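what follows is a predicted structure for the sequence shown.
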Amino acid sequence: MYRTEFLDILKTQLSGQMHEGKIAAHLRYYEDYIQSKVRSGEEEEEVIRQIGDPRLIAKTLLDTDTGDDVYEESQSYSEHEAESSREERRSYRLDLSTWYGKLIVVAVAAGIIFVLVSVLTMALPFILIFAAVLYLISKWRKR
């Protein structure tokens, strides 16, 4: 069985028994899933065989459909896959409304000020000597 036949059977089984938006979302999910597996090197017929009978899938979808859900556009398989891989990576966000968030901001600002003052303190003698030399050169040229 090929992708188009699989999707046609699934659509036929769901038509008239489920909200059209949900049908489209399910079809889009299976189409994206099949395409992603084919892009990764698997044969289309093998992927469809692994998924199973579209009639059984339709029955399962209909049995689990409550009917009173407000329809929202579902994510495609590739978007879902990308989101789950993002969830695997840990990310930490600084909450500035907490005391430790504010403390971290103050500590970072103090560190930056300390570094700037340290650099200026080390560079100040060189700047003063350079300014004095320039002043002397300008006085010497005016003579």
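Happy to help now that I have it. Residues are numbered from 1 along each chain as shown.

CA only for contacts and neighbour counts going forward, please
Fine.

quick one: low-confidence ranges for the protein?
By pLDDT under 70, the low-scoring segments of the chain are 67-92.

which stretches of it form strands?
With DSSP state E, there are no strands along the chain.

just the helices in it please.
For the chain, the helices defined by DSSP state H occupy 3-14, 20-39, 44-51, 54-64, 77-88, 99-142.

measure A107 to I34 for me?
Distance, A107 to I34, using CA to CA, to the nearest Å: 52 Å.

so which of those two has more stuff around it?
Counted by other CA atoms under 10 Å, A107 and I34 do not tie: I34 has more neighbours, with 22 against 12.

skip the chain neighbours and tell me the closest residue to the more buried one.
Closest residue in space to I34, ignoring its immediate chain neighbours: V47 at 6.5 Å, by CA to CA, 6 or more residues apart in numbering.

and what of K102?
L96 (5.5 Å).

burial count for the one you found?
Residues near L96, counting by other CA under 10 Å: 12.

what's the distance between it and V105?
8 Å.

what is the neighbour count of T64?
T64, neighbours per other CA under 10 Å, totals 9.

now R3
Per other CA under 10 Å, the neighbour tally for R3 reads 16.
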